[in-house]
Structures are given as C-alpha cells and as structure tokens.
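> generate coordinates for the sequence data below:
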Amino acid sequence: MAWIAVVPPSPRHPHERYQVCYREGARQRSAGIFPTRRRALAEKRAIERGRTELAGATDLDLEQKARTLLGEYVATKWWPAWKDQHPTSEYGTRKKVEKRILPTFGDIPLGDLDASTIGAWKSAMLAEQLSPQTVNTYLSLLGTILNAAVDDDYLARSPLVRKSGAGRTAATRNQPVPRREVWLLREQLDRLVTAIDPRYRALVLVAALTGMRWGELVALRWDDPRFDQPLDDGAVRGPGRLRIARAISDPRRTGRWVEKGPKTEAGKRVIALDQETVWAFLAHRELVGGGPYDRIFTSPGGSRGPAGTVARNNFHRVWKRALVRAELAHLWPEY
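Numbers count the residues shown, from 1 in each chain. Below you'll find the model as predicted:
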C-alpha cells in the first residue's frame, strides 16, 4: 500500500510538496518528496505496480508489455486515444511523430529505452542545428508518449525522468531558450504605425498597447469592445473595455481557420482600453466598416473574397516592408 502526504510550505520550499510513503512490513518508508502531485502519483503507481501479486498481475505480464515496440504502442494505443482529445493539434503532432520519433524509436521495445539513447537522439538534433525550441518540442512530445505508456502499465517509469522523480535526467533536459524581446520607444512605435499599410495600423497599435497575442487579435469581433463602458482593471484605467474570449489558429497552415477558446481559462479576460486604443479602434472601423458580429481585423481581399481572416504569412510581407520604411529592420534580424 502506498499513499501521498502533503508537505507544507517552508522558508526553503515556499510551495506545497508531496511525499510518497509506503509500508514495508511493520515499517513506514518514504519513496521521496516530489514538487508536483502528478509526479507523486506516478511514483505511487510505480510502487503499487511493484506489488502486482496483490492486483493479480505477474512479472511476466509486465515484462511482455515492456517488449512492445514503441511504434506499435503509438499506432495501436497512444495515437487513437490522443488524437480524439486534441483535434486542433492532430495534424502537426502526427507530422512530428512521423518525422523524428518513429524513425528513431519505432523499432525499439519500450523497456529498452533509456536516458542515454534519448540523449544521443537529442544530441543528433542539436548537431543538425535545430533551434532549442524545436528540440524541446520533440523531447516534450516523446515525454508525453512515454508518460502515457507509464499510465497504461507498459513501463514502470519514464526513462526521461530521474529515478528520484525530481526532474529529467541530465541527458534529456530541455535546451535553454533565450528570451526574445524587442523594446520600442514611443517614437519608434509611431514611425512603425505611420510606415505600415493603413489597414493594419490599428492592429499594430492594439497589439502594442494591450499585449494581445496574434490569434486573439485576428479573432476579435466588433461586439467584443465596449467604447462607452469605462474600466479600471488594475493595470489600465480607461473609457472602454475589451472582452477577449476566443483565438484563431491554423494548425495545418492551409488557410482553414479554427476558432477556439484561449489556451487557459485565465486567457478569457476583460481588459481596460485607454483613450488612444479606443481612438485606434474607431478610426479603423471608419476605414474598413463592419457589422456588429464581423471580425475587426481583416484582409483587404483575395482568392477567398473580401474581409477574410488575416493570414500570418501574408501579414509578414506587409510587416517586413513597414520595418524597412521605418528604419527598424535591425531590431528584427530574423526578418
């Protein structure tokens, strides 16, 4: 029998931690203290799987499941369950699995995977000069598959994780990703707004003054802002407010947009609009028009007709020209 005890915060550890305990004969023992309940639950399951006689399972059953090839497990068990729960990510995830995970690990039994093998795979991706973000994405995806194998009783624990459960092994840790920030002076922002196509001036200003993400901006409709309802949200006090309740993504890069809620519940919010942002919205509506339920920021037209959703790739072309005109291209060397 194993159980989890909550360890209260302390000056050294300001957040709750979780201790996994179990009984060995008449003695109570600890299997370790873990920073999250999920890791503690994984360790608790591993301990209970080690006592499979009580559950009617045999060591032979576990050994046979661990001989399952990773490719077979992905095809028959993990992928059918995962894709139905993540329809908007299904295409991109399948491409990643087919490109780098199955060719490398598909013919290896789950029980033979270890940190050294996965670390060599990580090193090979770095040698190809893949970006740290890309390497981390593949490591996280492999971790998702292996964690599912643990939950499905194909593995006692993920080979990505240290035996103590305290984080990943040294060979499989994420690559550090330098934080990318560009700071503009107010004079530089004004130059950029003046240089860009008039149809996109409000888009740039609203992005700069509210900090909204791209998917949230292009999903806005004219019933989201309220220009006659003042609000003080603690950060901005202004004459209007804006509801942010949805976002747009194009996971297959096909122009077939998917409208969904923000990534988290905290992403659904109402923010205050200062006077300048209100004026930017009003000037934009006077320029492009639009009914109460039409999108605010739209494309000028094209093969899909007028007032379509703004495509990120198309906007990049407008954006790059504006950077050159405003003499700000050096701040975004990637463009």
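> from now on I want contacts and neighbour counts done on CA atoms only, so please keep to that.
Fine.
> where does the chain dip in pLDDT?
For the chain, the stretches with pLDDT under 70 are 50-62, 165, 251-256, 263, 302-307, 334-335.
> redo that, cut-off 50
Scanning the chain for pLDDT under 50 picks out the ranges 52-57.
> how about the strands in it?
2-7, 17-24, 27-34, 225-226, 231-232, 237-238, 240-244, 247-249, 258-260, 269-273 (DSSP state E).
> N147 is nearest to which of these?
Closest approach to N147 among the strands of the chain (Cα to Cα): strand 27-34, 16.3 Å.
> show me what counts as buried in that closest one.
Neighbour-count burial for strand 27-34 flags 31, 33-34 (criterion: 16 or more other Cα atoms under 10 Å).
> tilt between it and strand 17-24?
Orientation of strand 27-34 against strand 17-24 (axes from the mean of the first three to the mean of the last three Cα atoms, to 10 degrees) gives an angle of 150 degrees.
> show me what strand 27-34 is packed up against.
strand 17-24, helix 37-49 (3 or more Cα pairs under 8 Å, 6 or more residues apart in numbering; DSSP states H and E).
> format those as a markdown table; extra columns: mean neighbour count.
Output for these, formatted as a markdown table (neighbours: other Cα atoms under 10 Å):
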| stretch | mean neighbour count |
| --- | --- |
| strand 17-24 | 18 |
| helix 37-49 | 19 |
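> got these as JSON lines, with distance to L192 columns?
Shown next, in JSON lines, are the helices and strands packed on strand 27-34 (distance: least, Cα to Cα, whole Å):
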{"stretch": "strand 17-24", "distance to L192": "48"}
{"stretch": "helix 37-49", "distance to L192": "46"}
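> show the contacting residues for F34.
Taking Cα atoms under 8 Å, 6 or more residues apart in numbering, we find F34 in contact with 17-20, 40, 165-166.
> I'd like the distance between it and K44.
11 Å (Cα to Cα, to the nearest Å).
> what is in contact with the two at once?
Common neighbours of F34 and K44 (Cα under 8 Å, 6+ apart) are V20.
> rebuild the buried residues of strand 27-34 as TSV, extending it with distance to L130.
Listed next are these as TSV, based on distance: Cα to Cα, whole Å:
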residue	distance to L130
A31	38
I33	35
F34	32
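> neighbouring contacts of stretch 111-119?
66-68, 155, 159-160, 169, 171-172.
> nearest to V135, out of the strands of the chain?
Closest approach to V135 among the strands of the chain is made by strand 247-249 (22.3 Å; Cα to Cα).
> the closest one packs against which elements?
Under the contact rule (3+ Cα pairs under 8 Å, 6+ apart), strand 247-249 is packed against helix 214-219, strand 258-260.
> would you mind finding the most buried of these?
helix 214-219 (a mean of 20; mean count of other Cα atoms under 10 Å).
> pull that one out as PDB, backbone CA atoms only.
Only the C-alpha atoms of helix 214-219 are listed here, as PDB (Å, rounded to 0.1, in the frame of the first residue of the first chain):
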ATOM      1  CA  TRP A 214      -1.800  37.200 -32.700                       C
ATOM      2  CA  GLY A 215      -4.500  34.600 -32.500                       C
ATOM      3  CA  GLU A 216      -6.600  36.700 -30.100                       C
ATOM      4  CA  LEU A 217      -6.200  39.900 -32.200                       C
ATOM      5  CA  VAL A 218      -7.400  38.300 -35.500                       C
ATOM      6  CA  ALA A 219     -10.300  36.600 -33.700                       C
END
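> what's the local residue count around the nearest residue to K268 once chain neighbours are set aside?
Leaving aside its chain neighbours, K268 sits nearest to A245 (4.8 Å; criterion: Cα to Cα, 6 or more residues apart in numbering). If you count neighbours by other Cα atoms under 10 Å, A245 ends up with 17.
> doesn't P262 make contact with A245?
Yes - contact criterion Cα atoms under 8 Å: A245 and P262 qualify, at 6.8 Å.
> what do these two both touch?
Joint contacts of A245 and P262 (Cα under 8 Å, 6+ apart) are K268.
> quick one: buried residues of stretch 257-268?
Buried residues in stretch 257-268, counted by 16+ other Cα under 10 Å: P262.
> which one of the helices and strands packed on strand 247-249 lies nearest to T194?
Across the helices and strands packed on strand 247-249, closest to T194 is helix 214-219 (Cα to Cα), at 19.7 Å.
> that closest one packs against which elements?
Helix 214-219 packs on helix 201-210, strand 247-249, going by 3+ Cα pairs under 8 Å, 6+ apart.
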